[in-house]
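S.K.: Model the structure of this input:
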Amino acid sequence: MVTVKMSRKGQLVVPKELREKLGMSPQDEFIAAGERDYIIFKRVNLPRLREEFEELSSMATRVAGERGITPRDIREEIEKERKGE
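M.R.: Next comes the predicted model:
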């Protein structure tokens, strides 16, 4: 564990050893969450999330088609659920 300082601009530098250990690169994106006296950063890969969503969407479309479920059926079920039926 290492100590880092925040700059006047609010920037933190991730130590080189940690960047290398985690395979971080300059264009990586992170989500940040904080509570009381701590901050957690989680690296995210937005292009991969899109790919996973598209894969799941394709699979759901295929399965629905195999079972004869139409987009209208899905909309009707959503409406029923929203109304508490």
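S.K.: what about the helices in this protein?
M.R.: Listed in chain order, the helices of the chain (DSSP state H) span 16-22, 46-66, 71-83.
S.K.: Quick one: distance of the helix or strand of the chain at the bottom of the mean pLDDT ranking to the chain centre.
M.R.: Least confident helix or strand, the chain: helix 46-66 with a mean of 87, by mean pLDDT, DSSP states H and E. Chain-centre distance of helix 46-66: 15 Å, with Cα atoms, centre = their mean, to the nearest Å.
S.K.: export it as PDB, just CAs?
M.R.: The C-alpha trace of helix 46-66 is given here as PDB (Å, rounded to 0.1, in the frame of the first residue of the first chain):
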ATOM      1  CA  LEU A  46     -17.300   0.500 -22.000                       C
ATOM      2  CA  PRO A  47     -16.700  -1.200 -25.400                       C
ATOM      3  CA  ARG A  48     -16.800  -4.600 -23.800                       C
ATOM      4  CA  LEU A  49     -20.000  -3.800 -21.900                       C
ATOM      5  CA  ARG A  50     -21.600  -2.900 -25.200                       C
ATOM      6  CA  GLU A  51     -20.400  -6.200 -26.800                       C
ATOM      7  CA  GLU A  52     -21.800  -8.100 -23.800                       C
ATOM      8  CA  PHE A  53     -25.100  -6.300 -24.100                       C
ATOM      9  CA  GLU A  54     -25.300  -7.100 -27.800                       C
ATOM     10  CA  GLU A  55     -24.500 -10.700 -27.200                       C
ATOM     11  CA  LEU A  56     -27.200 -11.000 -24.500                       C
ATOM     12  CA  SER A  57     -29.700  -9.200 -26.700                       C
ATOM     13  CA  SER A  58     -29.000 -11.500 -29.700                       C
ATOM     14  CA  MET A  59     -29.400 -14.500 -27.400                       C
ATOM     15  CA  ALA A  60     -32.700 -13.300 -26.000                       C
ATOM     16  CA  THR A  61     -34.000 -12.500 -29.500                       C
ATOM     17  CA  ARG A  62     -33.100 -16.000 -30.600                       C
ATOM     18  CA  VAL A  63     -34.600 -17.700 -27.600                       C
ATOM     19  CA  ALA A  64     -37.800 -15.700 -27.800                       C
ATOM     20  CA  GLY A  65     -38.100 -16.500 -31.500                       C
ATOM     21  CA  GLU A  66     -37.600 -20.200 -30.800                       C
END
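S.K.: Great, nothing more from me.
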